[in-house]
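A.B. asks: below are the sequence and a predicted model for it; my questions follow.
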Amino acid sequence: MRGVRILSVLLLGAALVAAPAGPAGAADEPVRVEAESLSIVGATAPVEVQPNCCGVGWSGGRQLWLRGVRAGDSVTVTLPPVPAGQYDIGGVLTRAPDYGILRFAVDGVAIGQLFDGYAPTVRRAAAVPLGSAALTAGGHRLTVTVTGRSASSVGFLAGLDTVTLRRVGPLATVTTTPYETIGETPTRGALTRVYDPSVGEPVNWYHNDHTIVKNEQTGGWHVFAITHPEPGAPLDEKLFGHATAPTPTGPWTKQPPALAANRGAGEHWIWAPHVVHHNGVYYMFYAAGNPDFANYRIHLATSTDLFTWTRSPANPLFTDGWEGRDPMVTRVGDRWVMYYTATSSPTGGNHVVAYRTSTDLRTWSARAIAYSSPFTGRAGGQTESPFVVRRGDWYYLFVCCDGTDYGAAYRRTAVYRSPDPLRFDGAEKVGVLDAHAAEVVVDGPNWYLSHAGWGQGGLWLAPLTWSTGVVARGYTVSTGFLRADVRTWPHARIASLAVDPMGGGAYRPALDSSHRGTTPYLAVGRFDVTDRAGAPSRIDVSADGSRIDLVGIPFGDEPVTADWLLTLAPRWTGPALQSDITWSVNGSPTAAVWEVALNVDGALPAVGDPVMEGRPTGDVTGMQPWTMTTGPDISVVAVHRWASAWRGDNTWYDAGHAMVAWQPLWRPGGTAWAPGRYPGGTWRFVASGARRDVGFADAAYAAINAIP
C-alpha cells in the first residue's frame, strides 16, 4: 500500500483509517446514555430494568437486563439521535456466573467483537469497545445477541449499563458494488485408454510423466514418456518410451525407446520429457536424476525427425532441487519460459512451480517462482507436472497433485487461472481434474487432457472442454481514499486493497494476493495452511454498504467456521476499513490444531516491527503492537488492538513475500481446541508517506486502543 501519512487500515478486526489527527473536538464529545432508558423495539426473552444488586452499583442505580434462556436470544433498542458521522460505540456491561457471550449489531449488521459476560462474581465491565458504524442522521437500532456461553457459565443472561457513541469522523460516500467474474473453466470428459506400453512385453509396463507432440513435417503424433515395468520404481526409470499415431486418439504404435539414461552424461535415471518445436528442430527437455537430490540436472536433447536424439553439449542447462524436475516449455511473448517443480530451497521447503526464461532454448535465466504451495516437504508434492496454456487473456496452470495425502491426491490435477503467466500465487483455483501428470493436447479445434502414471495401465486421453461461467464473486468497496476487492467466492479473502491518502482516487497497492492473500486460515495436524477460508454461508451488507459481514465461513473439512466483519468508514482525516473475526468451533477438529491465524499479504518489499525494519522469515513470540511493510516513501502498518483475540501466541514473518501471519493460537505439536465461540482479534492497517515511520505506527497503535 502506498500513500501519504494520513491513511490507515484495520483488518481482522482490521481497519483502514487515516492517522489520528488528534483528540475529538468539543463538538465530538461522546454521547453517553443509560441503557435502561432506551426504547425496546424487540426481544426474544424477558427484558427488565434491574436495580443495584449483588454488591454492584450501576450508573443511575439500574441496568438493562436480558434474561436469556438459550443461545440466540436478543434484545433490540433504539440509539439516541446523533449527527451523521462515523462512530465508535462503547459500553459498560455486566459480568456474572450465569451470563453469556454477546455479539452486537447496528441496524441488523454486526459490529465489533464478542464479549464474554462470564465472571465468577457479579461485576461491572467498564469501557468495553462494542464496534464501529457509520450513522446517518436519524434513528438507528442496537441489537444485543447472546451467541452462547463459556464452559464455566451456567446461563445466557446479559446486562447493559450504559452506551457511549463517539463521533470520530464525517460520514463518507461509500460505493459498494457486488460483482461476478465470468471466465472459462475446464472440464475433463471420459477417459479412453489410447496406448498400453505393456503390449508385446512379458510383464506389465507403465507410462508416467510424458509429452505428446505433433510432427510438423508429417502431421503425425509422437508420445515420449517415462516407462518401466510395474510397480513404480522412480530411481530405476532409465528409458523414455516412444510411440507414434496419426492422431492423438490413435491408434498408437510402439517404437524403440527414444532415449536411455547415460551415466557418463550425469544421468542415473531420466524423468519427465517435454518436447517443443522451433525452426525445424525439436527440443526435448528432461530431468537427469542423480543421488544429489538438491542438484537435479535439467538436460536437453535435440532432433530433426523425432526419432534420433542428440544430447546438447550445454548439459546441464542448470541444476535445482529438491528434485528439480518435470520441465514444461512454452512461448510467452518474445521469450521461452520453462516451468518445473522444485522446492523453495534446494534442500526442501514449500513445493513450488519455478520458472526460467530463454531466447535460444539453451541458455536460461536465474530461477524465479510462478507458484508456491503452502505445503512443505521434499519429493512428491503439490507442484508436480506443471503445464501452462493460454485461453484468450488468461493463462491456466495445471499442476498435480492436489492434496496432502499423496496416494489420494495422485490423480488430482488442480487448475489455477491468472492474467500473468509468471504469477499464479494468489490465483483462484478454477477446477480439480481427475488426472495424473496431465498434458493439454490441442489438435485443431479439439482439446484433450492426458493421464498416465504408476498402476494406471498406460496412456489415457479425455476431451477437455471449456465452459463459461462464474469463477469469482465478491464486492468492490471504494471511497476516494481506498478501493478494496472483498472476495466472497470461492474463497473468502481481501483479494486486493489499494489506497490514495489524498482522497483523489489515485490508488496505490497496499495488500495483494501474491502469496496466501489476506485471509484467516487454520493449520490442523501441522504448520502451514491446511484449511483455507471457503465461501460464507451468508453475507450481510449494511444499507449504506459500509459494513460487510461474511457469516459462517468454512475451513476445509474442519468443524470450524468464522464470521468476518469488514467495516468501511471515515476516521479522522481519512478512510477506515475495519475487520473483526469471530471463530466458532462446532466440534472436535480432525487433529491437533497448530495455528489459528489471520494472514496479511503486503504489497511492499520489506516487513518488520518496532524492533527492526526487515524481519527475517521466522517466528516472534507473542502478538506485536504493530508490524510494518515498507518501501521508498511508504509505510503500511498493521496495528493490534491489544488482547482483542482470546489469546496471542505468535507472529510469523515471511520476508520473501512481505507477509505477516498474526497467530492467536500457535502451538508446535498442536493442541486441542474446545468447542465454543472465540474472539479472533482486531487490527488496523495504517499508511504513511514516509519510510519506516515508527512515530506514525505508535500513534496508530494508541488510536486503536483508545476506548469510546
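C.D. replies: Arrived safely, thanks for sending.
A.B. asks: leaving out sequence neighbours, find the closest residue to Ser152.
C.D. replies: Nearest non-adjacent residue to Ser152, counting by CB to CB, 6 or more residues apart in numbering: Tyr118, 5.5 Å away. Quick note: C-beta positions are derived from backbone N, CA and C, even for glycine.
A.B. asks: got it, and Thr177?
C.D. replies: Leaving aside its sequence neighbours, Thr177 sits nearest to Thr476 (CB to CB, 6+ apart; 4.9 Å).
A.B. asks: right, and that neighbour touches Val174 too?
C.D. replies: No - under the criterion of CB atoms under 8 Å, Thr476 makes no contact with Val174, lying 11.1 Å away.
A.B. asks: low-confidence stretches in the stretch 101-250 of the chain?
C.D. replies: Across the stretch 101-250 of the chain, nothing is flagged by pLDDT under 70.
A.B. asks: the stretch 401-550 of the chain: helices as residue ranges?
C.D. replies: For the stretch 401-550 of the chain, applying DSSP state H, counting those that start in this stretch gives helices covering 406-409.
A.B. asks: what about Val600, which helix or strand?
C.D. replies: Secondary-structure assignment from DSSP states H and E places Val600 in strand 593-601.
A.B. asks: show me what the next helix or strand after that strand is in contact with.
C.D. replies: Going down the chain from strand 593-601, the next helix or strand is strand 606-608, by DSSP H and E. For strand 606-608, contacts defined as CB atoms under 8 Å, 6 or more residues apart in numbering pick out 613-615, 627-631, 653-655, 658-660, 692.
A.B. asks: hang on, the earlier thing: the residue nearest to Thr177: neighbour count?
C.D. replies: 15 (other CB atoms under 10 Å).
A.B. asks: got a list of what it touches?
C.D. replies: So Thr476 contacts Thr175, Thr176, Thr177, Tyr179, Arg483, Ala484, Asp485, Val486 (CB under 8 Å, 6+ apart).
A.B. asks: then Ser418?
C.D. replies: So Ser418 contacts Trp394, Tyr395, Leu397, Phe424, Ala427 (CB under 8 Å, 6+ apart).
A.B. asks: now the fourth one. Nearest residue, chain neighbours left out?
C.D. replies: Right, the one you point to is Phe424. Excluding the flanking residues, the one nearest Phe424 by CB to CB, 6+ apart is Tyr371, at 3.9 Å.
A.B. asks: kindly state the pLDDT recorded for the one you found?
C.D. replies: The score at Tyr371 is 93. That number is its pLDDT.
A.B. asks: state the distance from it to Phe293.
C.D. replies: 21 Å (CB to CB, to the nearest Å).
A.B. asks: more neighbours: which of those two?
C.D. replies: In terms of neighbours (other CB under 10 Å), Tyr371 is the more surrounded of Tyr371 and Phe293; the figures are 28 against 18.
A.B. asks: that one bridge partners, please.
C.D. replies: Beta-bridge partners of Tyr371, counted by DSSP bridges, are Val353.
A.B. asks: that one touches Tyr396, doesn't it?
C.D. replies: No - counting by CB under 8 Å, Tyr371 stays clear of Tyr396, with 11.9 Å between them.
A.B. asks: quick one: common contacting residues for those two?
C.D. replies: If you check Tyr371 and Tyr396 against CB under 8 Å, 6+ apart, the residues they both contact are Tyr416.
A.B. asks: and the helix or strand hosting Val329, which strands flank it?
C.D. replies: Assigned by DSSP H and E, Val329 belongs to strand 325-332. The strands that strand 325-332 pairs with in its sheet are strand 335-345 (antiparallel) (by DSSP bridges).
A.B. asks: okay, buried residues for the partner strand please.
C.D. replies: Within strand 335-345, the residues that count as buried by 16 or more other CB atoms under 10 Å are Trp336, Val337, Met338, Tyr339, Tyr340, Thr341, Ala342, Thr343, Ser344.
A.B. asks: and for stretch 57-76?
C.D. replies: For stretch 57-76, the neighbour count (16+ other CB under 10 Å) marks 58-59, 62-68, 73-76 as buried.
A.B. asks: take these and lay them out in CSV including pLDDT, distance to Ala452 and secondary structure.
C.D. replies: Shown next, in CSV, are those (pLDDT from 0 to 100; distance: CB to CB, whole Å; DSSP: H, G, I helix; E, B strand; the rest coil):
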residue, pLDDT, distance to Ala452, secondary structure
Trp58, 97, 74, coil
Ser59, 96, 75, helix
Arg62, 97, 77, strand
Gln63, 98, 71, strand
Leu64, 98, 69, strand
Trp65, 98, 70, strand
Leu66, 98, 64, strand
Arg67, 98, 67, coil
Gly68, 97, 61, coil
Asp73, 98, 60, coil
Ser74, 98, 59, strand
Val75, 98, 64, strand
Thr76, 98, 62, strand
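A.B. asks: now, which of those sits nearest Tyr286?
C.D. replies: Ser74 (65.5 Å; CB to CB).
A.B. asks: who's in contact with Cys401?
C.D. replies: Applying CB under 8 Å, 6+ apart, we find Cys401 in contact with Gly380, Gly381, Gln382, Glu384, Ala409, Tyr410, Arg411, Arg412, Thr413, His436.
A.B. asks: among those, give me the pair with the biggest separation.
C.D. replies: Gly381 and Arg411 (15.3 Å).
A.B. asks: of these two, which one has the most company?
C.D. replies: Neighbour count, other CB under 10 Å: between Gly381 and Arg411, Gly381 has more, with 25 against 19.
A.B. asks: correct me, but that one touches Ser372?
C.D. replies: No - taking CB under 8 Å as the definition, Gly381 is not a contact partner of Ser372, at 10.9 Å.
A.B. asks: what do these two both touch?
C.D. replies: Counting by CB under 8 Å, 6+ apart, the residues touching both Gly381 and Ser372 are His351.
A.B. asks: my guess is Tyr406 contacts Ala379. True?
C.D. replies: No - the pair Tyr406 / Ala379 is not scored as a contact, 9.0 Å apart, by CB under 8 Å.
A.B. asks: on that earlier part again, if I look at the residue nearest to Ser152, how far off is Thr249?
C.D. replies: Going from Tyr118 to Thr249 by CB to CB gives 68 Å.
A.B. asks: what does Lys429 give?
C.D. replies: Taken as CB to CB, the span from Lys429 to Thr249 is 29 Å.
A.B. asks: next one: Val432
C.D. replies: 24 Å.
A.B. asks: and Pro80, by the same measure?
C.D. replies: Separation of Pro80 from Thr249 (CB to CB): 75 Å.
A.B. asks: more neighbours, the two?
C.D. replies: Thr249 (16 against 13).
A.B. asks: now that one, what's its secondary structure?
C.D. replies: Here Thr249 is recorded as coil under DSSP: H, G, I helix; E, B strand; the rest coil.
A.B. asks: ok, back up a step: how about the contacts made by the residue nearest to Phe424?
C.D. replies: Counting by CB under 8 Å, 6+ apart, Tyr371 touches Val352, Val353, Thr383, Pro386, Leu397, Val399, Tyr416, Phe424, Asp425, Ala427.
A.B. asks: output the longest helix seen in the chain as PDB, restricted to C-alpha atoms.
C.D. replies: In the chain, taking DSSP state H as the definition, the longest helix is helix 694-704. Presented in PDB, the C-alpha positions along helix 694-704 are these (Å, rounded to 0.1, in the frame of the first residue of the first chain):
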ATOM      1  CA  VAL A 694       7.700   4.500  13.700                       C
ATOM      2  CA  GLY A 695       6.100   7.500  15.200                       C
ATOM      3  CA  PHE A 696       3.200   7.200  12.900                       C
ATOM      4  CA  ALA A 697       2.800   3.500  13.800                       C
ATOM      5  CA  ASP A 698       2.900   4.200  17.500                       C
ATOM      6  CA  ALA A 699       0.200   6.900  17.200                       C
ATOM      7  CA  ALA A 700      -2.000   4.500  15.200                       C
ATOM      8  CA  TYR A 701      -1.500   1.800  17.900                       C
ATOM      9  CA  ALA A 702      -2.600   4.300  20.600                       C
ATOM     10  CA  ALA A 703      -5.600   5.200  18.500                       C
ATOM     11  CA  ILE A 704      -6.900   1.700  18.000                       C
END
